[in-house]
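> Next input, structure requested:
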Amino acid sequence: MNTPQNNRGFIAITGYGSISPLGYDRATIYSNYLSNKMFLENRQFNNNLYPVGVLPSEAEMQLNFIILDNPKCRNIDKTVLMAMVAAKQAFYEARWKTAPGIITGVNFGSSRGSTALFERLHENFISNEEKRTSVYTSPLTTLGYVSNQVASSLNLTGPVINTSVTCSTGIQAICNAIAWIRAGMASRFIVGGTEAPLTKFTIAQVEALGIYTKLLEDKYPCSPLSSERKGINTFALGEGAAAFAIEKMNMADFEERPPIAVIESVGFSFEKPPTLTGISEDGSLIAASMKMAIENMLTDYNIDLLLMHSPGTVKGDEAELNAIKEVFKGNMPNLFSNKWKIGHTYSASPALNLELAMLCLQNNFSPSFPYKTEVCNRARNIRKVMINATGFGGNATSIIVSLPDLMA
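Okay, here's the model as predicted:
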């Protein structure tokens, strides 16, 4: 068995938070994962109805509280507000405080940044004869504004970074933060992903790809890996954000302040996109990412649960499942995709999957699909979880997290 190098330390998760169609408080989110209820609702965009994952009213109130507390936040995009909510939860659960000599960085991932705000400002620019726009357009729609605002809201002065590598961005941000910590350039990081893509133009982009679900009245309009929906695209969009407090710890730290989980390893891969969406039929891209993560695990314990990227597209789901079968062969972990509940949240997707991994580890919980699939899950203890993410342009990432007890 691989023996962790205690003198090198571990990258541990000591706090996390989120906001999504499942809610914003942990008890509600976990309860919603235990149910067979999906959280998509039909909304109108471009004169058509689409199932989308929207924040519930009580979660929307959390965004309003930020604005009430600081009226200057009234003009910032929902993408940024959600990141602030999630980051605050993670920061305070980790019991962090700002102190001299402790460098706390921020790295948020967002595929599209301030989506709704950018679209509105651009539409106003196109429609007015003077061709003028607000003085705040550039700062408020610049991608870096997400992490900037998170750092400002938490009074942090460390490195502030924004990452955009399409749908795998939530994990890419974590990979980058780990490199900073390992290099000694920061003590700890608030990391995560955030996305508010429920806009007319963004919906039109997905519609152009021909993958958006047509099952408006179905019980599960988004149904990844469904054996009854084989050959049918059931993609749906959602919004949300998740954040994590990560820091370097050793075994002595574990006894004094036990972390929630340890990041055992990460994997990543890139290939020249074989298609417009960067998907190869055999899933070789995601296979390479998984293999890298598995080869660099700190322990030899098996992976018990794999949270798939699987967004409900025919080619994407099949490619990832083929890759998983090729990598794990006869030792398959349990498989799950949360997209049927909340839709695909782009860069926030892997971050929200990582949140689910935390819930699974903390509660020894293995989620299951409410409809018939090709997946054969079984009862097992959940001690180690892998999360996959793939993105347009031919990139993939994987991350493996486990219970701290496995490090002993």
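> CA only for contacts and neighbour counts going forward, please
Fine.
> Okay, helices next: where are they in this structure?
26-34, 57-69, 78-93, 115-127, 137-141, 145-153, 169-182, 200-209, 251-256, 284-295, 314-328, 339-342, 348-363 (DSSP state H).
> Take the ones you listed and lay them out in CSV including mean pLDDT, mean neighbour count and distance to residue 403.
Output for the helices of the chain, formatted as CSV (pLDDT from 0 to 100; neighbours: other Cα atoms under 10 Å; distance: least, Cα to Cα, whole Å):
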stretch, mean pLDDT, mean neighbour count, distance to residue 403
helix 26-34, 98, 15, 18
helix 57-69, 96, 15, 29
helix 78-93, 97, 25, 17
helix 115-127, 89, 16, 36
helix 137-141, 88, 15, 39
helix 145-153, 94, 22, 28
helix 169-182, 93, 24, 18
helix 200-209, 95, 14, 37
helix 251-256, 90, 12, 11
helix 284-295, 94, 23, 16
helix 314-328, 94, 20, 21
helix 339-342, 98, 27, 25
helix 348-363, 98, 25, 6
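> Just put the ones you listed in JSON lines and tack on distance to residue 408.
Shown next, in JSON lines, are the helices of the chain (distance: least, Cα to Cα, whole Å):
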{"stretch": "helix 26-34", "distance to residue 408": "28"}
{"stretch": "helix 57-69", "distance to residue 408": "39"}
{"stretch": "helix 78-93", "distance to residue 408": "24"}
{"stretch": "helix 115-127", "distance to residue 408": "45"}
{"stretch": "helix 137-141", "distance to residue 408": "46"}
{"stretch": "helix 145-153", "distance to residue 408": "34"}
{"stretch": "helix 169-182", "distance to residue 408": "21"}
{"stretch": "helix 200-209", "distance to residue 408": "46"}
{"stretch": "helix 251-256", "distance to residue 408": "8"}
{"stretch": "helix 284-295", "distance to residue 408": "19"}
{"stretch": "helix 314-328", "distance to residue 408": "25"}
{"stretch": "helix 339-342", "distance to residue 408": "34"}
{"stretch": "helix 348-363", "distance to residue 408": "16"}
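> Residue 17: which of those helices is closest?
Closest to residue 17 of the helices of the chain, according to Cα to Cα: helix 78-93, at 4.6 Å.
> chain center to the closest one: distance?
Distance of helix 78-93 from its chain centroid, counting by Cα atoms, centre = their mean, to the nearest Å, is 13 Å.
> Also compute the angle for that helix relative to helix 57-69, please.
Orientation check (axes from the mean of the first three to the mean of the last three Cα atoms, to 10 degrees): helix 78-93 against helix 57-69 gives 90 degrees.
> same for helix 78-93, what does it pack against?
With contacts taken as 3 or more Cα pairs under 8 Å, 6 or more residues apart in numbering; DSSP states H and E, helix 78-93 sits against strand 10-19, helix 57-69, helix 145-153, strand 188-195, strand 240-249.
> Dump the ones you listed into a markdown table; add distance to residue 259 as well.
Formatted as a markdown table, the helices and strands packed on helix 78-93 follow (distance: least, Cα to Cα, whole Å):
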| stretch | distance to residue 259 |
| --- | --- |
| strand 10-19 | 5 |
| helix 57-69 | 26 |
| helix 145-153 | 23 |
| strand 188-195 | 13 |
| strand 240-249 | 9 |
